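K.L.:
Provided below are the primary sequence and the corresponding predicted coordinates.
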Amino acid sequence: MITQFTIGGFRAIENLTLELGTKNLLMGLNGAGKTSVFDALASIRELVVQGERIADEKSDEPLFPLSSVPRWWRNGSPGPVEQRFEIVFEGEDGPIRYVLMIQQDEASGRSRIFSEELLHQDRPMFSFREGTVQLYRRSYEKGPTFTFDWNRSAVGTVLHPEIPHIDWFKERMRMTTCVRIDAPRMAARSEKEQPDLERDLSNFASWYRRALVTNAAAGASYLSDMRQVIAGMESLDLHDLGQGIMVLRASFEQPHEPIAPGRRRRGTFWLGLQELSDGQRALIGLYALLHFVLKEGATLCIDEPDNFVALAEIQPWLLDIADRVDDYGAQCILASHHPEILNLLALDHGILLERGGSGPTTGIRYKPDADLPLTPAEVMARGWQHG
């Protein structure tokens, strides 16, 4: 799991280090930096795992645009500025530390990777700096060097089988998922399998198509849960339209009320994913994350999982995810204002993010006044989180 995540110079976060456990809840007012934490982690994953370029001219949304630098840095610095990110994983035989530095030059409009490092127990395994890769041997002694593209992750691209910890790190990054479900954007149509979820779950059908192939057992338990969660739902399957195109649809049992004269009752009817309510689509996404993503060694980050769903629907899902984290040795990081989530997780797992006016984000462990006879949700609602 990720034990520490440090962000320096990203949006409103100037210098923030989060100490993380198996369960974590990011708390705070809007604009405090909760989403920025997830976006930073998700962008690093896309850089390392998916091979995205740091500044792709063809992309409308570069991973680390110049606009991601704190505005007060840009106003006060005549030259290039550097953003710094550090992720520490708990390895089987000691911590694995990844350090990424991105150089942003407003004068030239250029963004590039200045350096990347991967360390095991603070000993170097791999490094990239100013266009040059330095490989290391199993004994941690320096090996060969070669030049590499400043716009791509060298750690994510270069194969180095002599050091198995590098592949271990890349696999843990692959198992890190950050999402903010946007139910109206969850499309039913799939033209091909996709191994990675978009952050808003807009490609859910294509990802689910791949997930069913790679983990059929999880698919069976997922459908069993969905029958309990969405009333009347019997199945969720991919209907083949031909030429590799599929549509995700759900089947429902016919209502038991009398039907109009002359109409024949049938056993089930089908609705495409886009025909379901936003709340139903959100539940489909939430439980899919629980069954297909949350496994041993995985880190699941969800920004406001309570969006679109009712209080009676989020509570059982929340209890399920807490149990699965414990049972499977996984990790979850949630960000939420929801009272049910605050009351369950804040006391033991809450991290309070705050900003003083327009200043940078700070983070502390949530520790309310022990004498206050209030739930965490009530404390936050009154603004008494500092006593």
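P.N.:
Looks like it came in fine.
K.L.:
Count the neighbours of residue 207 for me.
P.N.:
22 (other CB atoms under 10 Å). Glycine gets a C-beta too; all of them are placed from N, C-alpha and C.
K.L.:
tell me which residues in the helix or strand hosting it are buried?
P.N.:
Here residue 207 sits within helix 204-214, counting by DSSP states H and E. Buried positions in helix 204-214, judged by neighbour count with 16 or more other CB atoms under 10 Å: 204-212.
K.L.:
Quick one: mean pLDDT for it?
P.N.:
Averaging pLDDT along helix 204-214 gives 97.
K.L.:
CA atoms only for that helix - export them in PDB, please.
P.N.:
Taking Å, rounded to 0.1, in the frame of the first residue of the first chain, the C-alpha atoms of helix 204-214 are listed here in PDB:
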ATOM      1  CA  PHE A 204     -17.100   1.800 -18.000                       C
ATOM      2  CA  ALA A 205     -18.700  -0.500 -20.600                       C
ATOM      3  CA  SER A 206     -15.300  -1.100 -22.300                       C
ATOM      4  CA  TRP A 207     -13.500  -1.600 -19.000                       C
ATOM      5  CA  TYR A 208     -16.200  -3.900 -17.700                       C
ATOM      6  CA  ARG A 209     -15.900  -5.900 -20.900                       C
ATOM      7  CA  ARG A 210     -12.200  -6.500 -20.100                       C
ATOM      8  CA  ALA A 211     -12.800  -7.100 -16.400                       C
ATOM      9  CA  LEU A 212     -15.200  -9.900 -17.100                       C
ATOM     10  CA  VAL A 213     -12.700 -11.700 -19.300                       C
ATOM     11  CA  THR A 214      -9.900 -11.400 -16.700                       C
END
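K.L.:
Now render the buried residues of helix 204-214 as TSV, adding distance to residue 316.
P.N.:
Below are the buried residues of helix 204-214 laid out as TSV (distance: CB to CB, whole Å):
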residue	distance to residue 316
204	21
205	25
206	28
207	24
208	21
209	27
210	27
211	22
212	23
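K.L.:
Nearest to residue 354 among those residues?
P.N.:
residue 204 (33.5 Å; CB to CB).
K.L.:
For the closest one, which residues are in contact?
P.N.:
Residues near residue 204 by CB atoms under 8 Å, 6 or more residues apart in numbering: 186-187, 197, 248, 273, 284-285, 288.
K.L.:
cool, and residue 4?
P.N.:
So residue 4 contacts 17-20, 86-88 (CB under 8 Å, 6+ apart).
K.L.:
Which ChimeraX command selects the buried ones in the residues you listed?
P.N.:
Applying 16+ other CB under 10 Å to the contacts of residue 4, the buried members can be selected in ChimeraX as follows:
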select :18,20,86,87,88
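K.L.:
Filter the contacts of residue 4 down to just the ones in strands.
P.N.:
17-19, 86-88 (DSSP state E).
K.L.:
helix, strand or coil for the closest residue to residue 375 other than its chain neighbours?
P.N.:
Closest residue to residue 375 apart from its sequence neighbours, by CB to CB, 6 or more residues apart in numbering: residue 343 at 5.0 Å. Three-state call for residue 343 (DSSP: H, G, I helix; E, B strand; the rest coil): helix.
K.L.:
Was I right to think residue 343 contacts residue 379?
P.N.:
No: the pair residue 343 / residue 379 is not scored as a contact, 10.1 Å apart, by CB atoms under 8 Å.
K.L.:
the more surrounded of those two?
P.N.:
residue 379 (19 against 13).
K.L.:
So in the protein, where's the weakest helix or strand by average pLDDT?
P.N.:
The weakest-scoring helix or strand in the chain, judged by mean pLDDT, DSSP states H and E, is helix 71-76 (a mean of 80).
K.L.:
contacts for that helix?
P.N.:
9, 14, 66, 81, 106.
K.L.:
Highest neighbour count among these?
P.N.:
residue 9 (21 neighbours).
K.L.:
quick one, phi psi at that one?
P.N.:
Backbone torsions for residue 9, taken as degrees, to the nearest 10, come to phi 80, psi 40.
K.L.:
ok, now residue 350?
P.N.:
phi -80, psi 140.
K.L.:
nearest residue to it other than its sequence neighbours?
P.N.:
Closest residue in space to residue 350, ignoring its immediate chain neighbours: residue 366 at 3.2 Å, by CB to CB, 6+ apart.
K.L.:
Contact partners for the one you found?
P.N.:
25, 27, 346-347, 350-352, 376, 385.
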